[in-house]
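Asker: model this:
(chains A and B)
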Amino acid sequence: MKISKKYSIKKIVARLALLVIPAMAIGAYLLWHLNAYYSVLESQWITESLFLATGLFAGCLFYSFRFRFITTFLPLLLLLFIVNKIVNNLYTGEFTAFYATTKFYIFAFLFVTGWLAGWAFARLRWFPAVLSALLMLLQIIVVSNTTDITAQKLILAFAPVLVFAFYIIYTAELVLNMNDDEPKFTWFLTKKIIAFAAIAGIILLLILSFYKKEFQAIEKQYGGGKSEQQVPNKESLTKENKDGSVSNKKEMGLSGGRSSTKRLVFIAKLDNYFPNSDMPNPLYYTYDYYTKFDTSTQTLEVDSLMPSNDLFQPDPSKIPVYFTKTDSSVLVKAKGFLKRKVVSTEVYKALLSPKEFLAPETAFFCQPIAVEKDYRQQFKSAYRAKMLVSELNSAYFVYNPAGNKELEAFQKQRFDELRKVSTWNNEDAAFMSYYTFIPKGDDFDSIRVLANEITKNALAPIDKIIAVRNYFLSRDETGQPLFKYTENPGVPGLPSASKLNYFLFENRKGYCAYYAGATLFLLRALGLPTRVATGFLTMDRSTKNKGWYWFYEDQAHAWTQVFFPGYGWIDFDTTIPSTEQQQAPAPDGTPPITVQTALFVTHGKVTEVDTSKKRVDMSVSQMIYHDKTFDLKKPVLLDMDVSLATISKDSGEVSLGELKKGNEITALSFSEQFKDIAMKDSNNYEEIFQKIPKPAPIDEIKIIDTTQEKQQVKKEIKKNTLPFSQILRFGIIILVLVILLIFSLPWIIFKWLSYKARSAAALSQKAYWSYMAATYYCNQLGRSRGDMSPALFARGKIDTEFKTNLFAFMQVYLKTKYAKESLTNSEQAIIQNFYTPFYKAVKEKVPFKERFSKFLNFYRTINFFSKPKI
Amino acid sequence: METVNTDKALQNILRLTDNIETVIKGKRNQVKFVLTALLAKGHILMEDNPGTGKTVMAKTLAQSISGVGAHDSVSFKRIQFTPDLLPMDLLGSHIFDDIKKEFIFKKGPLFCNILLADEINRASPKVQSALLECMAENQITMGEITYKLSDLFFTIATQNPVEMEGTYPLPAAQLDRFFIKIVFGYVDEETELGIYKDYLGINNNLMHLQQVLGIDEILHLQQQSEDVFVHEEIIKAVRNIVWATRRNPDIVLAASTRAGIIFLKCLKAYALVNGRTYVIEDDVKDLSQPVLHHRLIYRNKEAKANTLNNIVFVEMDRLSKLRIH
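Answerer: So this is what the prediction gives:
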C-alpha cells in the first residue's frame, strides 16, 4: 500500500511543453485555416483556439496525475450540461439565446475536444499517430472542398500538418522513453529537437523543390486564381424582424446590397431649412457608425469603443409616451460647436421596429409621442427627437438638383466655410489615429496612390473631398461614366482590401456601401478623419408638405462622414446616382399632424382592472401635467375611467382584457376637463391629484412591453456578447480556480492543520492536531506511515531522518489517546513544545523545490485521509 | 498505592530485561515477546533454524528468575524432544516402592516452573499432546489422581521449521495453546560481529547469571498485567481483527474467540513489558503477527504472507485516525 511514484514533474513539463503546446499551435492554425476556407465572416479563431488550448492544457495536466478517465470526464460533461442549461435560461430572447447557445456549443465542443486530446496525450501512447492521421484527413477534406487550388494554398494547408505529424510522433516517443533521472536531461532533449527541426526543414524544402512543377500542374488543373463567386444579391441593408417590422441590419456590416422592395419604413418631419429660406434642407437619418476596420476579418465594424462616441441610441419603446430621454454627453463628444443649431424631428414608424431610433446627426433627445387615431393603422408608433445639427450639413452633395440657384449658393457658401479648415493639428492624437487608420499592405498602398492622384490639384481638405466625389462622377476617354451604380456588383462583402481594389480599379460598379467604403479609405489615405454612417437616405420629394420626408426600404443607405474641427462630422455622400434611377413612389396621403397635446400623462403600474365598469386603477410613479414632469416620491393611486380609451401595445391596438394587473402602462388624457384646473402651487403634485376629476377620463393607454426583447438584433447581440464572453471568461476563471484549488488543496489543508495545532488550547486537542499536522506534513513530503505502527514510524523513519522528537511526542499523544491517567508535567511540556520545532526541523531538511512539487500532489492527501484498500 | 506498585513492577521488568540482554544480544523484541507470554500466563513457541539462540534464550530467562539456592527460586527443567520420547518421560510414572510396598508417583520433568521443550516437533504427536494438555489445564492427571502444577508454569517450546526432516508438525489445535509464536531470526550484522568477538564473555555471563526476580515477583507481575488499562477502542480493534479473519476468503481457519481473549491478555502483558499501564495501537500492530499468525490456516502461500498484515493495516489505519477524548 505504498504510493508508487507514477509521474514525474519533468515528464509532465516535457509533455506540456513539447506535445501540448505544439498541439495548441496546430489547433489554432487549423481553426484559422478552417475559418479562412469557409469564409466565416466573423472569424473568431483566436477565441476558439483559446478554448481548445484551455481544454488541451487542463486535460493533459489533469490526467498526468492518477485520475480515472470516466469518473472525471462524466462530471465535466455534467458541468457543461448544467452551464448550458444556465445559458439557455439566462438568454430568453430567441435570437440572443440562439446566439449565446451556439457560442456555448462551440466553446463546449472545442473545450471537450481539447480535454480529450489532453487526456490522450497523457495516457495513450498511440494517440499522436492517430491525431496526425486525423489532422491530415481533415486537411484533405477541407482542401478537396475548395474550388480554387493554388500551390501556395496547398502548401499552406499541408505543410504545417505534415511537420506537426512527424514532430508529434517523434517527440511523443521521445518524451515517453526519456529517462528523467538523466542529469543533462534538458540538454539532451534540446539536442534532439533541434536535430529534428533541421531535418524536417531540409526534407520540406526538398519536397517543395522536387514537386514544384506538380504543384503548378494541380494549380492549373483546378483553375485557381481569381475566380469570383457570383452570389445572388440577397442581402439587404435592412432586415426583417420576426413581427414583420424592419430594423437596420448590422451584423453583415456593409456587405449587403440594397433592398429592392419598396415598402414604407417610416416618415419623418424635419424642421431643418436652409438659412434664411423656407427651402427644406434634408438630412440623412443616421442609425449607426462604422468606424473600425478589423484587419483580421477585413470588415468595417461598428465599434462601441470608438473615440468620442456621439451616438445616442435610446429604445423608444421603453420610454413611456411623452416622457423624455436625453443624453447631453453626446453633444460634447460630437465636438462640433461652430454653425450649429438645434433641430427637431418627428418620426412616424410604419414598418420600422418600435425599438429603433433614427435621427439625423447628433441626436440627444427622444420623446415617444402618441399617433393620432386616424393614422394609427398606418403608423404604429412615433417619437420626437432633437438634434444638434450643423448648418453646413445637407443631404445634397452628389444629388444636386441642377439649376437650383439657392442650392448652388448654399453649396458654394458651405464649401467656402469649410475651406478655412486646413489642418487637424489641434485634434486629439488618439482620435486622429483612430479615424485615419488604414491597414498596411500593397492593396491599401494602391488606394493611397489613387487618392493622391485624384486630389493632386486640390489643396484644402474640402476640395479633396469634392475631388473624390468628382472622380466617382467622372467619365472615361470614351465619354462613358467611369463608375456605375448597380445593385448587383458581383463581389459581396466590401470592404476587404482586394475587393476594394477590384471595385476601384477593375469593376467600378457598386452600390452605396461600395462608394462609402472606397471613399472612407481614399479620404483616410489623405489623412482626413472619416467614418461610414448607415441609416436612411433622405429625399425631398414633397411639394405640398414641406419638411416631410418619406422613407422606403430601398432608401437604406451608407455614406461617409468627415470630421472638420469645430464643425463636427459632416455628411458627404459620394454614391453616384443610378442611371436607371428608380424613383421611390411619391409621398402619398397626408402626414399625421399632431394637433393634440396630452394634458395629463401618467406612468405606473396597473393595480386593478374592472372590465365590466371599464375602470382601471393604477399606482402612478411619474406624471406629466401641462408639459411639466413630476417624479412622484410616493406612488399615488389613480382611479381611471377608460370607457373611451384605446389600449395599445407596440404591436397594435388590443382590448381591455389584455390589460393585466401589474402591467406597466402610460395613460394619456386629452380631455378638456384638465384644461381649466386652477392651481395654487403648480409644483405640488398632490394638489393636482386632489383637483383632477375622479375617475379621471383617459383617452389612451399604452402598455409597455417589459418582457424580454425578441426583435432587437445586432444591438442586443452587441450588448449581450459582452456578458456572454464575461460568462465564458468567468467559467474559464472558475475552471482555472478549481484546478488551482485542487493543486493547492494539500497546502491549504496543511495550513489549516498547522493552524489548529498551534492554536488549540486544550492539551488533548493540541496533541491531536499536532499529531495530525505532523503526520500530514510527513505524508505530503513523501514520508508516509505505510503499514508501520505510529511509534515505529516516528522513531524509525522520521526521527532518524530529521532528528526530531516525534517519537517522544507520539508516546505522549498515544497516552492521551488510550490511557486513563493524566499526563505528567514533563509530558505536557513535550506536547506544548512539539509542533513548531518539528515543523522547522523538517522544513529545513527538505529543499523548497521538493516541498513545492510534493505539495502539488493531492493524491497523497487523498491517500492520507482515505481508508486503505486491500 | 496503585502507582507505587506499578512503578515497582516496571522496574522489575526492566531489571529482568536488562539481565537477559547481558546474554542475548540484539534480540530485544524477542525478549519482550517471551516476557509478554510469561506475564500473560501463557506459553511461547519459538521457531527457527538451529543455532539462532532459542535455547540460550530460554535458559537465560530461566536462570534470571531461578538463581541457584535462593528460597523463592523457580525450578527450571529442560526436555529435549526426540522421536522415541514417551509421555511418561514427561509426566512421570508410578513405580513400585520396595520398602513401602506400594506404587508411588515419580514426578516427571513437567513438575517445574519453567520448562524448555526443545525441538518440540521432533517428538511424536502422542507426546506433544501430553505436553499440550498440561499447558492448557495446568494439571496432570494420572489414573484417578490429578496433580496440580505450580502456579507459575511457563513453557518455552522451540521447534525447527516444519519443512525439516524428522519433524512431526504441530496441529493447529495444539498450536492454539501457545499464546505467542515467534520466529527467532538472525541478529543483524553489527550484533553478530559483537557476538563473535565476545562469545566467551557471553558464555561467561550465562554461567554467572544472577537471579533478579523471584517467583512471587513474577506472580505479582502477572497479577499486575491483568490490571493494565485497555481502551474500548483497542478492544474494538481486537474484535475487528478477529472478525476480519473470519470474513476473509483467503483464511480457511479463522481466529477463535479464545484467540481474541489471548490477544487481549498478551496486549496487556506487552504494554507492561514496554513499561506502560495502558495499551496503545502500536501494541496491536506488534502483537498481531506473533499472537494470531500461527492460529490461522490460509488458502495459499501468498495469502499466508499478506492477509493478516492487510487486515491489521486497515485496523491500524482506523485507530490512527481516531480522535478520542
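
Asker: contact residues of chain B facing chain A?
Answerer: Residues of chain B that fall close to chain A, judged by C-beta under 8 Å from any C-beta of the partner chain: B:229, B:231, B:233-234, B:276-282, B:284-286, B:309-314, B:316-318, B:320, B:322-325. C-betas here are computed from N, CA, C, even on glycine.

Asker: may I see the PyMOL selection of the buried members of the residues you listed?
Answerer: This is how PyMOL selects the buried members of the residues of chain B next to chain A, with burial counted by 16 or more other C-beta atoms under 10 Å in any protein chain shown:
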select buried, chain B and resi 231+233+234+276+277+278+279+280+281+282+284+285+286+309+310+311+312+313+314+316+317+318+320
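
Asker: in helices, which of the residues of chain B next to chain A fall?
Answerer: B:233-234, B:281-282, B:284-286, B:309-314, B:316-318, B:320 (DSSP state H).

Asker: check contacts around residue A:625.
Answerer: Contacts were defined as C-beta atoms under 8 Å, 6 or more residues apart in numbering or on different chains; by that measure residue A:625 touches A:599-601, A:674, A:685, A:688.

Asker: what's the burial count for residue A:210?
Answerer: Residue A:210 has 9 neighbours, counted by other C-beta atoms under 10 Å in any protein chain shown.

Asker: kindly apply the preceding question to residue B:252 instead.
Answerer: Neighbours of residue B:252 (other C-beta under 10 Å): 13.

Asker: quick one: it is in a strand?
Answerer: Yes. Checked against DSSP: H, G, I helix; E, B strand; the rest coil, residue B:252 lies within a strand.

Asker: gap between the two ends of stretch B:97-111?
Answerer: 20 Å (C-alpha to C-alpha, to the nearest Å).

Asker: go through it and flag the buried ones.
Answerer: In stretch B:97-111, counting by 16+ other C-beta under 10 Å, buried: B:105, B:108-111.

Asker: from those, which is closest to residue A:549?
Answerer: residue B:110 (131.0 Å; C-beta to C-beta).

Asker: secondary structure element for that closest one, which one?
Answerer: Residue B:110 belongs to no helix or strand when assigned by DSSP states H and E.

Asker: for the closest residue in space to it that isn't next to it in sequence, what are its contacts?
Answerer: Spatial nearest neighbour of residue B:110, excluding adjacent residues (C-beta to C-beta, 6 or more residues apart in numbering or on different chains): residue B:90 at 5.3 Å. Residue B:90 makes contacts with B:79, B:108-110, B:127, B:130-131, as judged by C-beta under 8 Å, 6+ apart.

Asker: tell me which of those fall in helices.
Answerer: Using DSSP H, the contacts of residue B:90 in helices are B:127, B:130-131.

Asker: tell me which two in the buried residues of stretch B:97-111 are the farthest apart.
Answerer: Across these (C-beta to C-beta), the longest gap, 13.7 Å, separates B:105 and B:109.

Asker: give the contact list for residue A:795.
Answerer: A:806-807 are the contacts of residue A:795 under C-beta under 8 Å, 6+ apart.

Asker: need phi/psi at it.
Answerer: Here is the backbone geometry of residue A:795 (degrees, to the nearest 10): phi -80, psi -50.

Asker: so residue B:181, which state does it fall into?
Answerer: Looking at residue B:181 with three-state DSSP, the answer is strand.

Asker: so how far is residue A:639 from it?
Answerer: 102 Å (C-beta to C-beta, to the nearest Å).

Asker: who has more neighbours out of those two?
Answerer: A direct count of neighbours by other C-beta under 10 Å for residue B:181 and residue A:639 places residue B:181 higher, at 23 against 14.

Asker: tell me what the more buried one is bridged to.
Answerer: Beta-bridge partners of residue B:181, counted by DSSP bridges, are residue B:45.

Asker: count of neighbours near residue A:11?
Answerer: 16.

Asker: name all residues that make contact with residue A:120.
Answerer: A:127, A:130-131.

Asker: what subset of the residues you listed is buried?
Answerer: Applying 16+ other C-beta under 10 Å to the contacts of residue A:120 flags A:127, A:131 as buried.

Asker: which helix or strand contains residue A:62?
Answerer: helix A:45-64.

Asker: how about that helix: buried residues?
Answerer: A:45, A:47-64.

Asker: may I have that helix exported as PDB, CA atoms only?
Answerer: C-alpha atoms of helix A:45-64 as PDB (Å, rounded to 0.1, in the frame of the first residue of the first chain):
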ATOM      1  CA  TRP A  45     -10.400  31.700 -34.400                       C
ATOM      2  CA  ILE A  46      -8.400  33.300 -31.700                       C
ATOM      3  CA  THR A  47     -11.100  32.800 -29.100                       C
ATOM      4  CA  GLU A  48     -11.800  29.300 -30.500                       C
ATOM      5  CA  SER A  49      -8.200  28.400 -30.300                       C
ATOM      6  CA  LEU A  50      -8.100  29.600 -26.700                       C
ATOM      7  CA  PHE A  51     -11.000  27.300 -25.800                       C
ATOM      8  CA  LEU A  52      -9.200  24.400 -27.400                       C
ATOM      9  CA  ALA A  53      -5.900  25.300 -25.800                       C
ATOM     10  CA  THR A  54      -7.500  25.600 -22.400                       C
ATOM     11  CA  GLY A  55      -9.100  22.100 -22.800                       C
ATOM     12  CA  LEU A  56      -5.800  20.600 -24.000                       C
ATOM     13  CA  PHE A  57      -3.700  22.100 -21.300                       C
ATOM     14  CA  ALA A  58      -6.200  21.300 -18.500                       C
ATOM     15  CA  GLY A  59      -6.800  17.800 -19.700                       C
ATOM     16  CA  CYS A  60      -3.200  16.900 -20.100                       C
ATOM     17  CA  LEU A  61      -2.200  18.300 -16.800                       C
ATOM     18  CA  PHE A  62      -5.100  16.800 -15.100                       C
ATOM     19  CA  TYR A  63      -4.600  13.300 -16.400                       C
ATOM     20  CA  SER A  64      -0.900  13.400 -15.800                       C
END
